[in-house]
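Enquirer: with the sequence up front, the predicted model follows.
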Amino acid sequence: MIATFRRLLLPALALSGMLIAVAAVLSASKPAPIAQPIAEPAIAPFANYIGGTGQTEPPGRTVAIGSAVGGIVTLVAVAPGDRVRAGDTLFQLDDRVERATRDQRVAELAEAEAQVAEMEASLADYRNQLRLADTVSDRRAVSVEDLAKRRYAVKVAEAKLASARAATESAKALLAQADTALARLTVAAPFDAEVLQVNLRPGEYASASALSTPLVMLGRTGALHVRVEIDENDAWRLRAGAAAKAYLRGNRNLSSALRFVHMEPYVTPKTSLTGDSSERVDTRVLQVVYAVEDPSLPVYAGQILDVFIEAPPLSADPHAAVAERGAP
């Protein structure tokens with residue numbers, strides 16, 4: 001009986017292995033289930049359209065604020081989201097040395113002005129002495145040599161007064177230079193804007209060199225703009241003023257009509273916006289700017305939108321598009 005069991009065991013094991021292998025092959029040959037998207041993609045609202053990726057930006061693009069001179073930050077007067085008016089202080093650098101220099105220039109100007117007053121008094125005295133000598137009727141009372149000395153004294157006093165006045169103007173210029181150096185340590189908003197980023201804190205060193213990350217980033221207030229990149233292969237279909245619509249990524253139910261602002265008639269290398277590996281570095285794009293018309297759309301500067309622009313069908317005459325743009 002044991003011998004019979006041993007004879008049947010090996011074929012049974014072989015059959016079990018074969019069944020397992022067949023099951024594995026069948027399961028591997030099944031197609032993988034299609035992954036469902038996290039959010040449904042937007043649907044183009046036009047029968048014929050150009051699709052593009054747009055990045056939101058403030059009117060006139062963002063403005064990176066830097067510092068004209070380097071120094072230690074002593075005050076940061078704004079925070080992200082603040083509204084500022086032209087001339088409002090954004091941040092301030094350590095100004096102790098510049099204030100001391102300015103105080104010195106103020107003292108030098110006061111000294112120079114005092115010298116002018118002294119020279120004016122001396123000149124008035126010499127002129128009075130010369131006048132008295134000239135009015136003496138008896139020329140024997142005043143020698144010719146004494147009269148000449150008084151005339152020379154007046155000329156010397158005039159020269160010293162002119163020198164003192166020049167020194168005063170120089171002191172004023174140095175004071176103005178000190179005021180300018182002091183004012184450069186307080187960085188103010190160049191226009192009415194909203195603060196988008198603040199990348200410095202009190203105690204940090206603010207560099208005057210070009211930075212990849214701005215010290216403060218500002219954006220003009222108003223309806224956000226969308227800078228859309230159109231592939232150069234579709235550029236000929238783009239009409240100035242064409243209707244367009246933008247959709248928020250993550251919720252295609254949130255959208256807004258767009259108003260044409262302007263088109264930059266220069267094709268540039270594509271800037272990667274999505275990070276998609278299919279974006280080629282040799283792709284060139286035409287940039288067109290639209291304004292978001294719906295003020296209630298929950299969108300922020302720097303956000304990526306899916307944009308559809310109404311365009312003629314692919315079979316349309318390309319020369320008609322050129323004529324509509326006003327090209328010769």
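Expert: Good, I have the coordinates. All figures in this text were calculated on a predicted structure; none of them were measured in a lab.
Enquirer: just checking, what packs against the helix or strand where Ala112 lies?
Expert: If you go by DSSP states H and E, Ala112 is part of helix 96-135. Contacts defined by 3 or more C-beta pairs under 8 Å, 6 or more residues apart in numbering; DSSP states H and E place helix 96-135 against helix 144-183. Quick note: C-beta positions are derived from backbone N, CA and C, even for glycine.
Enquirer: average pLDDT for the helix holding Ala112?
Expert: In this model, helix 96-135 has a mean pLDDT of 89.
Enquirer: swap in stretch 157-166?
Expert: Across stretch 157-166, the average pLDDT comes to 92.
Enquirer: surely Arg252 meets Ala44?
Expert: No. In terms of C-beta atoms under 8 Å, Arg252 does not count as a neighbour of Ala44; the distance is 10.9 Å.
Enquirer: list the buried ones in the helix holding Ala112?
Expert: Under the neighbour-count criterion of 16 or more other C-beta atoms under 10 Å, helix 96-135 has 98, 101-102, 105, 108-109, 112-113, 115-116, 119, 122-123, 126, 130, 133 buried.
Enquirer: okay, the angle between it and helix 144-183?
Expert: Interaxial angle, helix 96-135 versus helix 144-183 (axes from the mean of the first three to the mean of the last three C-alpha atoms, to 10 degrees): 160 degrees.
Enquirer: distance of the closest residue to Val116 other than its chain neighbours from Leu175?
Expert: In space, and not counting its chain neighbours, Val116 is closest to Ala164: 4.5 Å by C-beta to C-beta, 6 or more residues apart in numbering. For Ala164, the distance to Leu175 equals 16 Å [C-beta to C-beta, to the nearest Å].
Enquirer: ditto for Ser296
Expert: Distance from Ser296 to Leu175, by C-beta to C-beta: 53 Å.
Enquirer: which one of the two has more residues nearby?
Expert: For Ser296 versus Leu175, neighbours defined as other C-beta atoms under 10 Å are more numerous around Leu175 (18 against 7).
Enquirer: the more buried one reaches Val106, doesn't it?
Expert: Yes. Using C-beta under 8 Å, Leu175 is in contact with Val106, at 6.3 Å.
Enquirer: now the helices: where do they sit in this protein?
Expert: 2-28, 96-135, 144-183, 318-324 (DSSP state H).
Enquirer: now tabulate those helices in JSON lines and tack on distance to Met217.
Expert: Shown next, in JSON lines, are the helices of the chain (distance: least, C-beta to C-beta, whole Å):
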{"stretch": "helix 2-28", "distance to Met217": "53"}
{"stretch": "helix 96-135", "distance to Met217": "26"}
{"stretch": "helix 144-183", "distance to Met217": "22"}
{"stretch": "helix 318-324", "distance to Met217": "37"}
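Enquirer: figure out which of those is closest to Arg83.
Expert: Arg83 lies closest, by C-beta to C-beta, to one member of the helices of the chain: helix 144-183, at 23.3 Å.
Enquirer: by mean pLDDT, flag the weakest helix or strand of the chain.
Expert: Scoring the helices and strands of the chain by mean pLDDT, DSSP states H and E places helix 318-324 at the bottom, with a mean of 56.
Enquirer: just the buried residues of helix 96-135 now: which is nearest Asp231?
Expert: Closest approach between these and Asp231, by C-beta to C-beta: Glu98, at 52.4 Å.
Enquirer: isn't that closest one right up against Ala178?
Expert: Yes. Taking contacts as C-beta under 8 Å, Glu98 lies within contact range of Ala178: 6.9 Å.
Enquirer: circling back to that earlier point, farthest-separated two in the buried residues of helix 96-135?
Expert: Across these (C-beta to C-beta), the longest gap, 52.3 Å, separates Glu98 and Ala133.
Enquirer: for the protein, longest strand please?
Expert: strand 251-269 (DSSP state E).
Enquirer: so which bits of it are buried?
Expert: Buried-residue list, strand 251-269, by 16+ other C-beta under 10 Å: 254-256, 258, 260, 263.
Enquirer: could you do stretch 193-212 as well?
Expert: Counting neighbours by 16+ other C-beta under 10 Å, one finds that the buried residues in stretch 193-212 are 193-198, 200, 206.
Enquirer: great, nothing more from me.
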